[in-house]
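>>> Whatever this is, show me its structure:
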Amino acid sequence: MGVTELKRKGRRNRAIANNKTNAIKQLLRKPIIRNVDVEAIKASFDEKKQQA
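Have a look, this model is predicted:
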């Protein structure tokens with residue numbers, strides 16, 4: 001009995017696996033951490049309270 005190679009199915013399986021790993025990598029990607037001045041933000045909240 002001859003062995004047949006299912007090329008299309010193999011490509012599909014590989015593509016599905018690659019899509020899953022890429023989706024996981026995309027979810028794990030972190031945003032760029034920027035320098036945030038916490039004290040300035042707190043001061044702006046105080047200013048808004050005083051205006052209201």
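>>> what about residue 18, neighbour count?
In terms of burial, residue 18 registers 10 neighbours under the definition other Cβ atoms under 10 Å. Using the backbone N, CA and C atoms, a C-beta is placed for each residue, glycine as well.
>>> That one sits in which helix or strand?
Using DSSP states H and E, the secondary-structure element containing residue 18 is helix 7-28.
>>> Same check on residue 32?
When secondary structure is defined by DSSP H and E, residue 32 falls outside every helix and strand.
>>> Now do the contacts for it.
When contacts are counted by Cβ atoms under 8 Å, 6 or more residues apart in numbering, residue 32 is found next to no other residue.
>>> Please report how far it lies from residue 49.
31 Å (Cβ to Cβ, to the nearest Å).
>>> now swap in residue 35 and tell me
Applying Cβ to Cβ, one obtains 25 Å for the distance of residue 35 from residue 49.
>>> neighbour-wise, which of these two wins?
Under the neighbour definition other Cβ under 10 Å, residue 35 and residue 49 were set side by side, and residue 49 has more, 8 against 4.
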